[in-house]
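# sharing a sequence plus its predicted fold:
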Amino acid sequence: MQTVKMVVTGPFNAGKTEFIRSVSEIDVVSTERKITAEAERIKDTTTVAMDFGRITVDQDLVLYLFGTPGQKRFDFMWEILSEGMLGFIVMVDSSRPETFREARGILETFRAYAPTPYVVAANKQDKDDAWDLEDMRIALRLDPKVKLLECIATDKENVKTVLLELLFSILAEMDTAE
């Protein structure tokens, strides 16, 4: 059996934990804690170390999903979680353009950790104020070759599609390396 480690990263409240929860076949191992600072009270909890989930693709392939904390004060976990990853997903909240610059910085950080395949997931595409994908591509300064995918982290089938896109990129890279 082959295992593939994927990292799900992005800014605070981009939907990383929900993304993993929606597809994991095990109870997600989560390190969420209550937020006490009023300034960060978009939601009540935040990931402080990681989220971990697993999905079996078939009898020969299992994906291990590691979600990173989104808050800067926990970014020391990013490099630790990136060790051994074969690819990563950058989650971006399509309805919060004020986080796009941070998402771009996280993308560049993870590319520096390991030159692995990645995709960008434009989450919350079901919201009325979600940005159009092409506008997001421009705002995030993404090369046309980078896969920018519509995402709704609470939709299991949609999340599977994003994961498969990354998996196809990983497998294609493995084929060219052989």
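Structure's in. What do you need?

# mind giving me the packing neighbours of whichever helix in the chain runs longest?
Taking DSSP state H as the criterion, the chain has its longest helix at helix 156-177. On a contact count with 3 or more C-beta pairs under 8 Å, 6 or more residues apart in numbering; DSSP states H and E, helix 156-177 meets strand 2-9, helix 16-23, strand 61-67, strand 87-93, strand 118-123, strand 148-150. The way it works is simple: take the backbone N, C-alpha and C, and place the C-beta from them, glycine included.

# for that helix, what is the distance to the chain centroid?
Relative to the centre of its chain, helix 156-177 is centred 13 Å away, using C-alpha atoms, centre = their mean, to the nearest Å.

# next one: stretch 73-81
The answer for stretch 73-81 is 14 Å, by C-alpha atoms, centre = their mean.

# what comes up buried for it?
Neighbour-count burial for stretch 73-81 flags 74, 77, 78, 81 (criterion: 16 or more other C-beta atoms under 10 Å).

# could you report the separation of residue 136 from residue 158?
Distance, residue 136 to residue 158, using C-beta to C-beta, to the nearest Å: 16 Å.

# hang on, the earlier thing: let me see the residues that make contact with the longest helix of the chain.
Helix 156-177 is contacted from outside by 4, 6, 19, 22-23, 55, 57, 63, 65, 86-89, 116-119, 121, 147, 149-153, using C-beta atoms under 8 Å, 6 or more residues apart in numbering.

# what subset of those is buried?
4, 6, 19, 22-23, 55, 63, 65, 86-89, 116-119, 121, 147, 149-153.

# quick one: secondary structure of residue 14?
Secondary structure assignment for residue 14 (DSSP: H, G, I helix; E, B strand; the rest coil): coil.

# for it, what are its contacts?
Neighbours of residue 14 in contact, by C-beta under 8 Å, 6+ apart: 70, 91, 92, 93, 99, 103, 123.
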